[in-house]
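1. Here is a sequence with its predicted model. Questions after.
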Amino acid sequence: MRIQHNISALNANRMLGINNDKVSKNLEKLSSGYKINRAGDDAAGLAISEKMRGQIRGLDQATNNANDGISLVQTAEGALNETASILQRMKELATQSSNGTYQNAVDRENISKEVESLKSEITRIATSTNFNKINLLDGSLDLGSTATATIGTTKVTLNGVAKLSTTTPVTGASAAATVTFADGKDNASGSITAAFNDATGGLTITLGTKDTEASFTAEQITAAVRAAAAAYANGGTTNALEISKAYSSFEVKFEGTITGTAGSSLTAAAATMAASTGNNGLTLQIGASYSADQQVNLKIGNMSTAGLGLTSVKVDTQENALAAISTIDAAINIVSGTRADLGALQNRLEHTVSNLGVTSENLTSAESRIRDVDMAKEMMDMTKNNVLAQAAQSMLAQANQQPQNVLKLLQ
C-alpha cells in the first residue's frame, strides 16, 4: 500500500470535476434556452445559425416595410378616391352647363362658382395628402423641377432653365417644336408626354432639369395626356401624343383647322404643350437582400388641378362647358389609371407580406433546430450528470480514507 500518492482519490477528484462541469453546462443551457451559448459549444452550428438570424431579421423588417408601403398606398388611394368623386361632380356640372337652356350671365356663373371651388379642393387634396411627411399627390414622387418656354406660330420666347432650347419652323397653321437637353444626357426608359390646345393662346413647354445628373424620364403631364380633348374655339381639335424619351431631343408638331368666309383675314392660333420629367419616385425595400427584384418602385404623378390639366377648365359658356367635358374625362382617366396602379401595387405587397411571413417562419424553424435546446433531453442529461457528480464526491470521500488503513499495519 502506498501513502505518497492516493491514485483512487485523484481519479475520483478528476471525475468529480468533469461531472460538475457538465452540470454547469446543463444549467447554462436550461437557463438560457440555447444549446449553443458560445462558439465552443458548436462552431459550425453557430456560424450557420448566425447567418440564418441575419436573414430572419431582414425578412421581418422587409415585412414591416411592405406593410408600411401598403399603408402609404392606401393613404394615396383614399385621397384619389375623393378626387375621383370631385371629378365626377365636375363632369356633371360641365354637362349641365353645356345645355342650351341656361343663361350665361346668371345660371352658368353659379355653376362656375362650384367648379372653381372643386378645382381648389383637388389641389388642396394633392398638396396636403402625405404619409410620414412624404407628399404623395403633388408630383413629388414623379415630377422634377421645371423650366418653361412659350412657342407661337411666329416667335419663340424662352423663360427659365438654359439647358432647354427650342426651334419652331412655321408653315401656315402648323408649327413644330424641337426640345433639346443641352447636357446631352439620354435615358431610354420612360416617356415624354405632350398635349396641345390651340384655344389657350400659346405653346408652353415645361421640362425638368437637374444640374448634376440630368437623366430625364416623364410619365404623365397635362389634361390632354393620353386623350384627344376639346374642340378649338376656332373650330380645330385638340391632340395629345406620347413621345418615347430614347434620345436627348425630340420633335412635336401640332395643327389646327381655321374656317372663315372668303376674303377674310385669318390668323393661326398657337397651341399649348406641357411636358415634365420624372425622378426615381419612391423605392420600397421588400426583401432581405440588396437586388433589383427585392425592391418596388412607386411613382404617383401630380394629381393637383394643374397636374390634371384642369387649370383652364371653365363652364361660363356653352362652348367652354363642352370643351371642359373632354378635359375632365381625360383627368378622370388619369386618376382612374393611377388608382388602378396603386391597387395592383397593394395586392402585390399583400402577397409579398404573406410570402415573407412563410419564409421567415421556415427559416426560424431551421435556426431553432440548430440553436435551441431540447429542454426535456437537457434536463434528463443534467439529472444523470448530477447523480454522477454526487457519486464521485462519495467515492472521493472513501478514497481519502484508504491511507488510514496503513496505521493498522503499524500497530
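-> Perfect, I can see it now.
2. Pull out the buried positions in the host helix or strand of residue 125.
-> Using DSSP states H and E, residue 125 maps to helix 109-128. For helix 109-128, burial by neighbour count (16 or more other C-beta atoms under 10 Å) applies to 111-112, 115, 118-119, 122-123, 125-126. Where C-beta positions appear, they are placed from N, C-alpha and C, glycine not excepted.
3. list the helices and strands the helix or strand that contains residue 95 packs on?
-> In the assignment (DSSP H and E), residue 95 maps to helix 43-97. Applying 3 or more C-beta pairs under 8 Å, 6 or more residues apart in numbering; DSSP states H and E, one finds that helix 43-97 contacts helix 109-128, strand 130-131, strand 282-285, strand 295-298, helix 318-371.
4. Dump these into CSV; add distance to residue 392 as well.
-> Output for the helices and strands packed on helix 43-97, formatted as CSV (distance: least, C-beta to C-beta, whole Å):
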stretch, distance to residue 392
helix 109-128, 78
strand 130-131, 67
strand 282-285, 57
strand 295-298, 61
helix 318-371, 31
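5. can I get those in CSV with mean pLDDT and distance to residue 305?
-> Listed next are the helices and strands packed on helix 43-97 as CSV, based on pLDDT from 0 to 100; distance: least, C-beta to C-beta, whole Å:
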stretch, mean pLDDT, distance to residue 305
helix 109-128, 95, 5
strand 130-131, 94, 18
strand 282-285, 85, 23
strand 295-298, 88, 23
helix 318-371, 94, 9
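6. Please name whichever of those is nearest to residue 11.
-> For the helices and strands packed on helix 43-97, proximity to residue 11 was assessed by C-beta to C-beta; helix 318-371 is nearest, at 35.8 Å.
7. got the angle between the closest one and helix 43-97?
-> Angle, helix 318-371 to helix 43-97, by axes from the mean of the first three to the mean of the last three C-alpha atoms, to 10 degrees: 170 degrees.
8. What residues of the helix or strand just after helix 318-371 count as buried?
-> Per DSSP H and E, helix 318-371 leads on to helix 375-401 as the next helix or strand towards the C-terminus. Going by neighbour count (16+ other C-beta under 10 Å), the buried part of helix 375-401 is 378, 381-382, 385-386, 388-389, 392, 395-396, 399.
9. Check which helices and strands helix 375-401 sits against.
-> helix 7-32.
10. for the record, mean pLDDT for the helix it packs on?
-> When pLDDT is averaged over helix 7-32, the result is 91.
11. From residue 337, how far out is the nearest residue to residue 282 once chain neighbours are set aside?
-> Counting by C-beta to C-beta, 6 or more residues apart in numbering, residue 282 lies nearest to residue 298, which is 4.5 Å off, once chain neighbours are set aside. Per C-beta to C-beta, to the nearest Å, residue 298 is found 15 Å from residue 337.
12. just residue 102 next, same as before
-> In terms of C-beta to C-beta, residue 102 sits 32 Å off from residue 337.
13. residues near residue 373, how many?
-> 19 (other C-beta atoms under 10 Å).
14. same check, this time on residue 108
-> Residue 108: 24 neighbours (other C-beta under 10 Å).
15. Tell me the pLDDT of it.
-> For residue 108, pLDDT reads 89.
16. That one: what's it in contact with?
-> By C-beta atoms under 8 Å, 6 or more residues apart in numbering, the residues touching residue 108 are 97, 102, 315-318, 321.
17. and if you look at residue 352?
-> 66, 286.
18. For residue 73, state which of the buried residues of helix 375-401 is nearest.
-> residue 378 (47.8 Å).
19. gap between that closest one and residue 305?
-> 70 Å.
20. Return the residues in contact with the residue nearest to residue 282.
-> Per C-beta under 8 Å, 6+ apart, neighbours of residue 298: 69, 72-73, 141, 281-284, 345.
21. among the helices and strands of the chain, which one scores worst on average pLDDT?
-> When the helices and strands of the chain are scored by mean pLDDT, DSSP states H and E, strand 156-159 comes last with a mean of 35.
22. Okay, buried residues for stretch 5-20 please.
-> Neighbour count says stretch 5-20 has 6, 9, 12-13, 15-16, 19-20 buried, by 16+ other C-beta under 10 Å.
23. Output those as CSV; include the columns distance to residue 326.
-> Listed next are the buried residues of stretch 5-20 as CSV, based on distance: C-beta to C-beta, whole Å:
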residue, distance to residue 326
6, 109
9, 106
12, 101
13, 100
15, 96
16, 96
19, 91
20, 90
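24. thinking again about what came up before, please indicate which of the contacts of residue 298 are buried?
-> 69, 72-73, 141, 281-282, 284, 345.
25. picking that back up, quick one: which two of the buried residues of helix 109-128 are the most distant?
-> 111 and 126 (23.1 Å).
26. one step back: out of the helices and strands packed on helix 43-97, which is closest to residue 89?
-> Nearest of those (C-beta to C-beta): helix 109-128, 6.2 Å.
27. how about that closest one as CSV, C-alpha atoms only?
-> Provided in CSV are the C-alpha atoms of helix 109-128 (Å, rounded to 0.1, in the frame of the first residue of the first chain):
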residue,chain,number,x,y,z
GLU,A,109,-72.0,81.9,-63.3
ASN,A,110,-73.4,79.9,-60.4
ILE,A,111,-72.3,76.7,-61.8
SER,A,112,-68.8,78.1,-62.4
LYS,A,113,-68.5,79.0,-58.7
GLU,A,114,-68.9,75.4,-57.7
VAL,A,115,-66.5,74.2,-60.4
GLU,A,116,-63.8,76.7,-59.3
SER,A,117,-64.3,75.6,-55.7
LEU,A,118,-64.0,71.9,-56.7
LYS,A,119,-60.8,72.7,-58.6
SER,A,120,-59.3,74.3,-55.4
GLU,A,121,-60.3,71.3,-53.4
ILE,A,122,-58.5,68.9,-55.8
THR,A,123,-55.3,71.0,-55.4
ARG,A,124,-55.7,71.0,-51.6
ILE,A,125,-56.1,67.3,-51.5
ALA,A,126,-53.0,66.9,-53.7
THR,A,127,-50.8,69.2,-51.6
SER,A,128,-52.0,68.0,-48.2
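28. how far off helix 318-371 does that helix point, in degrees?
-> 20 degrees.
29. contact partners of helix 109-128?
-> 79, 82-83, 86-87, 89-90, 93-94, 96-97, 102, 135, 137-138, 302-308, 310-311, 313-316, 324.
30. ok, now with 6 Å
-> With contacts defined as C-beta atoms under 6 Å, 6 or more residues apart in numbering, helix 109-128 is touched by 79, 83, 86, 90, 93, 97, 137-138, 303-305, 310, 315-316.
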